[in-house]
Every structure is written in C-alpha cells, then in structure tokens.
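>>> sequence and predicted structure below; questions after.
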Number of protein chains: 2
Amino acid sequence: MSDLLERLRGRGWRMTAQRRVVAEVLDGEHVHLTADEVHARAVDKLPEISRATVYNTLGELVSLGEVLEVSTDRRAKRYDPNAHRPHQHLVCARCGAIRDVHPTGNPLSALPDSERFGFTISDVEVTYRGVCPNCVATA
Amino acid sequence: MSDLLERLRGRGWRMTAQRRVVAEVLDGEHVHLTADEVHARAVDKLPEISRATVYNTLGELVSLGEVLEVSTDRRAKRYDPNAHRPHQHLVCARCGAIRDVHPTGNPLSALPDSERFGFTISDVEVTYRGVCPNCVATA
DNA sequence: ATCCTACGATAGACAATGTCTAAGTCAAGT
DNA sequence: ACTTGACTTAGACATTGTCTATCGTAGGAT
C-alpha cells in the first residue's frame, strides 16, 4: 500500500535506501512519531542511517506536502503522514496520545474581520486538550 | 498599574527583588516575550539576576495562573500576561508577530461527541497563521 | 532591632531537540 | 562504465530548558 513511495518517485524524488526507509516508516504506521522515533525505526531496517538524514528527509517530505509537522507540546515535533485530509488534533494531557479529529465547520469563520488586524490568514491550527479514557480509568 | 504585584503579594507570594523585576517586565509591556527576552529586560534592571531564576519565576507565574505560556512555533515558549481574558493567537508566518484575538463562539462546540473518542476535553487552543500587513507591504 | 530558618537565587553542568559543515558516497543520466 | 551533482555521514554546534549543590535573604519569631 505504498502510495507514498509511488507518488514520490513520480515527482522525481531521487530514491535512496535511506529515503525509502523513512518513507516506509511513516507510511506503515499511521501514528504521530517524533523525529527520533522515526530514526529508531529506520535504524531497525537500515542500521547505518544517520540522524541528520532522517531530519533532512522529514523536512523534505513536509516541504513536498506529503507529511505534516505537528507541535502539540513544547517537546519534539511529530510527523503526521495523514497530510491529504484536513484535520485537527486531540491530545491527552497525561499520556500525550494524539488522535486526528475532524471538527465541523470552518474555524476561520469564527474570526471576524475586525479581529484580523489586516492579516492575510492562510491557516488555522486547532488543538483540543483533555484526558483520554485510558488515563481517566487509571487516575 | 501594578495589579500583578498586588495580587501576588496578596496571595502570599514571597517577594524578592528578582521576582519583582520579572513581574514588572511582564506587567509593563503587553507583548509576548520569550524567557530569554524577559531575562534580558530583567538584567537591565537587576544585572545579577540569573537565567534559572527567570525560568523558575515564569514557571511559578504560569502555575499561579497569572501568565499564560504560548507555543506558537517550534522555537521558544512565549509568556502572555493577558491571562484573565480567554483569547487565541494570530501569528505572522514571516516576522513572528503575535496578536491576541477573540473569535466568536466556542470552538469546543465544533467537535461532535463522535469525534471525542471518550476524551474528557478541558481546553482548546486555536492558532491562526497568516501574514501581517507590514510583511505583506514589504513582500 | 536582631536572629533563624526555610525558601529563593545563583552558576554552571547537563539534557533534549534540532541545524550545520566538510568530506565521502552513490543514483541516474550519458 | 563513467561522471556529476545530489545525498549521506559523523560529529560539532546552537538553542532552549532543567537540575543540582551551594549561597543568600525575606519575613516571622524573639
């Protein structure tokens, strides 16, 4: 189901073992990994891959619009392969779990012109914070 | 107009020269400073104040609910003394300028139960991103 | 007014995350 | 199979923040 690798190849992305491995890690698991977690999983498949390459490759995938960067906390950025359907995030304040969610309506419409101060707004990022059922149970 | 110092004293906050200076920096300028910027301005008034103290004090002010932590980018956290009126942030993608904004409605109501996955949601954080008039002009 | 003591402040080491550089390697076109 | 420019590497460096051990002091007690 590696649409991602196909798309990248089709866009003229030079394919290397390292890039393939990073793409596979993201494509394989639909979760929100940090750069270090991506690196750890990449090392399992390609032990000599370097940290810098993982960072570079993630940065490229973000530039290409194939992966989203998510900063839900002040810790490491996370990488979200679900870049093709707009969505927001729901974060557990206790365990850090992240879920993709799809709110109704367009959050942009909640900001009247008088509150835009002449800005040309291009994007809205919404993060819902709470406690997940698991953490509530073990509270 | 130092309500802040008054409130803190009233809450039994032990007053020191360092804490006073940090509180004054935040109270004086209604902007969104990073910890290092707070430190720099504090040093102007009290040259021997240490970085650790600024971090500690900011952390306490956040715990006390007198100041909000804002993470609009992956860079340093910013500290927002406007903690008593709920608001969201509008960020310039070019120069990083931050404005407080007040959207209409409650963003929580945009998330149907079916999209809450059993989470107990306590907070919503909305960040609008765009380009400010100044940066548009100089583009 | 002075003394005590617990709480606050300090310097600097350490940690986490990310970026940069110089040199080596290799994918892909010829 | 060559060649070349793009990719990868190791590790130094940068930024932001935290921790620890020690010193200083605010504010209550005397």
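Looks like it came in fine.
>>> run the chain-centre distance for stretch A:116-124.
23 Å (C-alpha atoms, centre = their mean, to the nearest Å).
>>> buried ones in that stretch?
A:116-117, A:119, A:121, A:124 (16 or more other C-beta atoms under 10 Å in any protein chain shown). For the C-beta atoms, the positions are set from N, CA and C on the backbone; glycine is no exception.
>>> stretch A:80-92 too?
Buried residues in stretch A:80-92, defined by neighbour count with 16+ other C-beta under 10 Å: A:80-81, A:83, A:87-92.
>>> near chain B, from those residues?
Taking C-beta under 8 Å from any C-beta of the partner chain as the test, chain B is in contact with A:90, A:92 out of the buried residues of stretch A:80-92.
>>> in helices, which of the buried residues of stretch A:80-92 fall?
Judged by DSSP state H, these include no members of helices.
>>> of the buried residues of stretch A:80-92, which one scores lowest on pLDDT?
Ranked by pLDDT, the buried residues of stretch A:80-92 bottom out at A:Ala83 (87).
>>> does that residue really touch A:Glu69, like I thought?
No - using C-beta atoms under 8 Å, A:Ala83 is not in contact with A:Glu69, being 9.8 Å away.
>>> specify the beta-bridge partners of the residue with the shortest distance to the centre of chain A.
Geometric centre of chain A, nearest residue: A:Asp80, 2.0 Å, by C-alpha atoms, centre = their mean. On the basis of DSSP bridges, A:Asp80 is bridged to A:Leu68.
>>> what residues does chain A put near DNA strand C?
Residues of chain A lying near DNA strand C by C-beta under 7 Å from any atom of the strand: A:14-17, A:34-36, A:51-52, A:55, A:59, A:75-77.
>>> quick check: which of those residues are also close to chain B?
Checking the residues of chain A next to DNA strand C against chain B (C-beta under 8 Å from any C-beta), the matches are A:Lys77.
>>> any residues touching stretch A:113-129, and which ones?
A:72, A:88-91, A:93, A:101, A:103, A:107-108, A:111, B:90, B:92-93, B:99, B:101-103, B:107-108, B:110-111, B:119, B:121-133, B:136 (C-beta atoms under 8 Å, 6 or more residues apart in numbering or on different chains).
>>> let me know the angle separating the biggest strand by length in chain A from strand B:120-131.
Criterion DSSP state E: the longest strand present in chain A is strand A:120-131. Strand A:120-131 runs at 160 degrees relative to strand B:120-131, counting by axes from the mean of the first three to the mean of the last three C-alpha atoms, to 10 degrees.
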